[in-house]
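S.K.: Predicted structure and sequence below. I'll ask about it afterward.
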Amino acid sequence: MKINKRKINQIIGINLLRFFLLCTLLFIIIFLYIIFSKGGKVISWEFLTQSPRKFMTEGGIFPAIVGTFWLTILSIAIAFPFGIFTAIYMTNYAKSNLFLKIVRISVNTLAGTPSIIYGLFGLTVFVRFFGMDVSMLAGSLTLAILVLPVIINNTEEAIRNVPADFIKASLALGATQKQTILRVIIPTALPAILTGTIISIGRVAGETAPILFTAATFYTRKLPQSVMDEVMALPYQIYALLTEGAHPEKQIPIAYGTAVVLLSFVLIVSGIAILIRYKMRRNRKW
Amino acid sequence: MKSMKTFNEKLFKSITYLATLFTILCLGGIIITIFSEGLPILKYSKLNELFGIAWHPTSFPPEFGFLPLIAGSIIITIGALIIAIPFGIGSAIYISEIAGNRTKEIIKPIIELLAGIPSVVYGLFGMAFLSPFLIRIFRIPTGLNALSASIILGIMVIPIISSMSEDALSAVPKNLREASLALGATKWETIIKVVLPSAKNGVVGSITLGFGRAIGETMVVIMVAGGAAQIPSSIFQPVRPMTTAIAAEMGETVNGSPHFHALFAISIILFLITFITNFITEFVFLKRKN
Amino acid sequence: MVNKHIQTNDFNLWFGNKHILHNISIPVYDKKITALIGPSGCGKSTLLRSFNRMNDLIPETKIKGKVMLFDDDIYKPKIDVTKIRAQVGMVFQRPNPFPKSIYKNVAYGLEIRGEKKSHIDEAVERSLRSAWLWNEVKDRLNDSAFSLSGGQQQRLCIARALANDPKIILLDEPTSALDPQSTAKIEELCIELRDKVTILIVTHNIAQAGRISDYTAFMYLGEIIEFGETKKVFTVPKKKQTEAYLNGVFG
Amino acid sequence: MVNKHIQTNDFNLWFGNKHILHNISIPVYDKKITALIGPSGCGKSTLLRSFNRMNDLIPETKIKGKVMLFDDDIYKPKIDVTKIRAQVGMVFQRPNPFPKSIYKNVAYGLEIRGEKKSHIDEAVERSLRSAWLWNEVKDRLNDSAFSLSGGQQQRLCIARALANDPKIILLDEPTSALDPQSTAKIEELCIELRDKVTILIVTHNIAQAGRISDYTAFMYLGEIIEFGETKKVFTVPKKKQTEAYLNGVFG
Amino acid sequence: RGKKSTITIAGSTTVLPIAQATAEVFMDKNPDINISVRGGGSSVGIASIMSGTVDIGDASRHIKNKELAAARKSGINIVEHIVANDGITIVLNNSNTIDALTLSQLKDIYTGKIQNWKELGGKNMPIVVVSRDVSSGTFEVFNKLVLKNAKGLNSALMLASNNAVVTTISTTPGAIGYVGLGYVTDKIKAVSVDGVKATEKTIQTKEYPISRTLQMYTRGIPTGIVKQYIDFVLSPEGQDIVEQQGFIRIMDDKNK
Ligand SMILES: Nc1ncnc2c1ncn2[C@@H]1O[C@H](COP(=O)(O)OP(=O)(O)OP(=O)(O)O)[C@@H](O)[C@H]1O
Ligand SMILES: Nc1ncnc2c1ncn2[C@@H]1O[C@H](COP(=O)(O)OP(=O)(O)OP(=O)(O)O)[C@@H](O)[C@H]1O
Ligand SMILES: [Mg+2]
Ligand SMILES: [Mg+2]
């Protein structure tokens, strides 16, 4: 009798968990299905390669694709070296526990700070104080600071996962710390660092709030000529199409189409990263 | 020769040190910015007025009561957690404890992938699909309200809670599970009595992290929450979370006006809330080691 | 002749395609200590875990042959695995108390079966006494189990297993993570427990097997090379490999 | 009398407040194999690592006393630690080749010192030959080091250490993760290398110490209990603890 | 600035569609000129014009005296160009029996003093108040002209777009809301305010009480391509576009 009750508990419990998981997967499927089925209709070669026309109700989103591309590349290019060096410092050089703690709190605080606050910071400091105005540069810098903690945390973890054995072996052979870092630690951690960085590319590409006041423009036909130009961007475009303009019935399908482009980009990029990471874990011999 | 070597070593170390200082500087910059632009609101409005229940920044005289905005944020966030916790933790347990290796290898990346979906796309989904859907189901005047924002935010937070809880559960030593099973416990008993309690910190940490994420989310709420600055009496009413107020009103304020400072003051509150939850997550629940 | 408590018949085990255990046929005698020795990776732990079906946890495990517990094949279909595990105690290499109080650790097996509180109290005390831990912990039963030293934790794990009142206890290198004093204590404890339960112990420490066991089985590459009374196996081993192993040529 | 290669004088070491090594004074003789034995945690690895200052990596390490390498105190201030480490080869318990090619592994020590390519090529071949690995890998020097078996990896690590042309090699349980065949091969290799370098080896396997070493030091709780020629220590140990340990009473 | 080939426009999101749509046609006609249009809000538009970071600042309100004074102080001459009229129509569900309201009744409804249609002689039905998001230009006008900056009802639904208002009103019997004249369809009904029905004419003449103008600001009298563009917006062709975007053209004879 008692055994029975325990068995029933087990069956109920496990099925409850299965239910939660299946629902989660169902959410995902419904979500993706709706976005892709509604947006897929809009996607065409013209949509991807042309500027918007007829008051944003026709034509394509090419300037927004280009804008998001540059914003992403620039911000990662800015954040990457800072992130790597900070992680190297934290894992290899930081001696004082207090300082390390301060750095860690800073990084974690940055990581948890809402993106709209980055937007305010970018507006106050880059756009106004440094007079960059609404520009790709101001937006990229803002986004760079936003992903900096992501890159640091990821790189730090990658470095910490380098087996201590390798480091010991290198030092025991008479290598200096810098040599050990550059020749053993970083090369070993590199695949993990890069996959993490690729994932943060996806993150940057999809951020909207930080570029609201710093980089995004509603409409332009011209592709950016310099970093001081303002740009259209995919995520902002989705937002703008839904909340501004006078023709929602025509704008919503375009918003869906834009979302498909953005989502595909993000999913492909992070999918690649996850695949690499998965392969890497499989093939890892240490 | 040797001095060259030491110079190189020192130079490299200094570069990494400067990068680290830069990181701290960024945080410092953010804090200084929001405080120096936010605190001046006290020149125009007393502290107790700031925590009043009316947000009428453009009326005459303006009223800058933050409570409706804070309430909006908190209500939506709690709603999101109510949705995300069972689904997030439930699926984490299933993935970590019950699913076979095969299933795990497929589902885990899918959930991770989900975590990367841009919030504006969720916002689109909420605005263009969920909200009309809710109107039809509940026969309510607007689908842009606290409920739909909670649902969307909840879906957004599920992957965060799920993948972090999963990490915590997987980190529970295998030998604890074995000990329990070897004593004749069923899998369910092992999960409930041994694995979950052992992973408690990580699991709770995932919830506080989810809280921080949800309360700081801007695009979803600005698009879906409805935007009425009120303390709602039902979940079908629209609310105006702090992030919405900041993002939507910043453009309409005159630089240096009371309204401008009030928005920065809200960002201080928002920052403090996320800072504290973050701090709790990291140092109480995750006990990150050096 | 003593009773057989366990008997395996041509038992084979695979993890996926890896054939780990080959035609194992050994008895485990009632109220005796049987030691399983052999070099690392030879399958000692795997064999031990076959006796309470803990290998079921490893995906893609296949078996062939029988393991008879008294007169029941524990691998027969539709058997209640939790029941078997409750009858067979197990102690692992590293002490693995639950992150709960000392009391809750020992009570665990009984609580999940929904025993009465009074019965549990009594069983906890009895088991802790049997594991020679009662005097050391009786005043702090509600302290976390992690407040105990390594050796105490291992005895707590033994007490936890004893609380289920098992007829047989499986120990997998129970002392390899412990200091000499704790090791000695656990060895004595095993000898003492022999009166009540059958003990099967895996050990890397040949001297330990010699000191405490009545029977010894020597395994190599998944096979039982030699099985017999410890005295005989240690003094006049029949097989070359056994002799080599006992002399420390490998492992 | 043979030459002393290393001599420690009243060497003490603390990790934080934990006093790990107590007044260690032993010699390590030139072109001999010295074995360090003792139960787990007694400080064997720590002592070994004191000889190339690898303990510096552990925060809050304090030392007192001297370690003389030939006639130089390696703990004297302002010494170039990397130079000392380059002179002293070290091989660890688990084979730890870098995730690079076989060639790059062996060349590592020379490359970081900026040696010429031709010199490196030659040294790589010489070291691989000395480690008995040349024939097995000469056709695939650019393959990943992880494509080698465990035993080969360990020999690769020995070759990597030899490439620096060290006068002394420290081995920390180099065979404990290996199978019997690989173990035997490494033991033979050690004996062969003795002609060229001084060897200090930590081992848990008493039989191994007996087989290959010329001198044996027995450590217990951070102290050297006994040091002497292996033959003597093994047959007529002067101290009770040594005897007990050799008989497998603890550890 | 020499031979400029780009114009940057920023400001009011209400004017955004006008600026965007006219820019598009203007660029089609002048392929070597590029116009970038971004939102930000009226204040951003005026601030940007003062700081010189844009060529044209859009605003759905007139420049404030304070702002004008600040501009004068720094020697900047800000010129206003009214480019469109915007009238806000009060709309009800088709089932509602009410046809006319006064400004003060509206104010009472939106501040919560009147909560049931029967107080206005209609059915016994609670009033569901629908408003626009605080950041929208439409809200701004309504707030100023109807509420006279009094505090609005906290529980009003704040909807993000004109279309959302139309949909909500058409499906909610007791609802009242406001939208731009261009959005009125037969799914909802428009009521007269203070006895005046909202039409193009009544809005142009300011007879209809809830109407305003939309403007573009430039630094000094526009020259070169900026002038070309502004002229285009004010031309009949530009004004057709204004109408297409749901606003009311400025009176033909009264070009400023
Ligand atoms: N989960 C597993 N999946 C696949 N193979 C496994 C697994 N666990 C163990 N094995 C393999 O089974 C063989 C026997 O392992 P087992 O742990 O039984 O050895 P052992 O004799 O207990 O060794 P040790 O003395 O090191 O504990 C080994 O070759 C091991 O690699
Ligand atoms: N990084 C460290 N920090 C603090 N204490 C340490 C550290 N490494 C080792 N110890 C302590 O130093 C003592 C000696 O350790 P050591 O590793 O030298 O022992 P060992 O004789 O090599 O043992 P084994 O045979 O298990 O390898 C142990 O008590 C250990 O707990
Ligand atoms: Mg084992
Ligand atoms: Mg050691």
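M.R.: Received the coordinates, thanks. Numbers count the residues shown, from 1 in each chain, chains lettered A, B, ... in the order given. Ligands and ions are numbered 1, 2, ... in the order given.
S.K.: residues contacting A:Asn153?
M.R.: Neighbour list for A:Asn153: A:107-108, A:111 [criterion: Cβ atoms under 8 Å, 6 or more residues apart in numbering or on different chains]. For glycine as for every other residue, the C-beta is placed from the backbone atoms N, C-alpha and C.
S.K.: got a list of what E:Ala150 touches?
M.R.: The neighbourhood of E:Ala150, defined by Cβ under 8 Å, 6+ apart, consists of B:59, E:107, E:111.
S.K.: Just give me the neighbour total for E:Gly75.
M.R.: Neighbourhood size, E:Gly75 [other Cβ atoms under 10 Å in any protein chain shown]: 6.
S.K.: can you confirm it is in a helix?
M.R.: No - under the criterion used here (DSSP: H, G, I helix; E, B strand; the rest coil), E:Gly75 is coil, not part of a helix.
S.K.: so where is the stretch 51-200 of chain A shaky, pLDDT-wise?
M.R.: Confidence mapping of the stretch 51-200 of chain A against pLDDT under 70 gives the ranges A:55.
S.K.: Could you measure from the residue of it found nearest ligand 1 over to chain B?
M.R.: In the stretch 51-200 of chain A, the residue that lies nearest ligand 1 is A:Asp165 (19.5 Å; Cβ to the nearest ligand atom). Distance of A:Asp165 to chain B, given as Cβ to the nearest Cβ, to the nearest Å: 20 Å.
S.K.: How about the backbone phi and psi for the residue lying closest to that residue once chain neighbours are set aside?
M.R.: Distances taken as Cβ to Cβ, 6 or more residues apart in numbering or on different chains place D:Asn96 nearest to A:Asp165, at 3.6 Å, with adjacent residues excluded. Main-chain dihedrals, D:Asn96, degrees, to the nearest 10: phi -130, psi 60.
S.K.: Which of the contacts of A:Asn153 fall within helices?
M.R.: Among the contacts of A:Asn153, the members falling in helices (DSSP state H) are A:107-108, A:111.
S.K.: For those residues, give me CSV that also has distance to E:Ser192 and neighbour count.
M.R.: Converted to CSV, the ones in helices among the contacts of A:Asn153 look like this (distance: Cβ to Cβ, whole Å; neighbours: other Cβ atoms under 10 Å in any protein chain shown):
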residue, distance to E:Ser192, neighbour count
A:Val107, 62, 27
A:Asn108, 60, 22
A:Ala111, 56, 19
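S.K.: Adding distance to chain B, write those residues out as a markdown table.
M.R.: Conversion of the ones in helices among the contacts of A:Asn153 to a markdown table gives the following (distance: Cβ to the nearest Cβ, whole Å):
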| residue | distance to chain B |
| --- | --- |
| A:Val107 | 6 |
| A:Asn108 | 5 |
| A:Ala111 | 8 |
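S.K.: returning to what we had before: doesn't the residue of the stretch 51-200 of chain A closest to ligand 1 fall inside a strand?
M.R.: No - under the criterion used here (three-state DSSP), A:Asp165 is helix, not part of a strand.
S.K.: doesn't D:Met90 make contact with it?
M.R.: No - between A:Asp165 and D:Met90 there is no contact under Cβ atoms under 8 Å: 11.3 Å.
S.K.: So between these two, which is more surrounded?
M.R.: More crowded of A:Asp165 and D:Met90, by other Cβ under 10 Å: D:Met90, with 25 against 17.
S.K.: Can you list the strands that whichever strand or helix holds the more buried one pairs with?
M.R.: Using DSSP states H and E, D:Met90 maps to strand D:88-91. Strand D:88-91 has the following sheet partners, assigned by DSSP bridges: strand D:168-172 (parallel).
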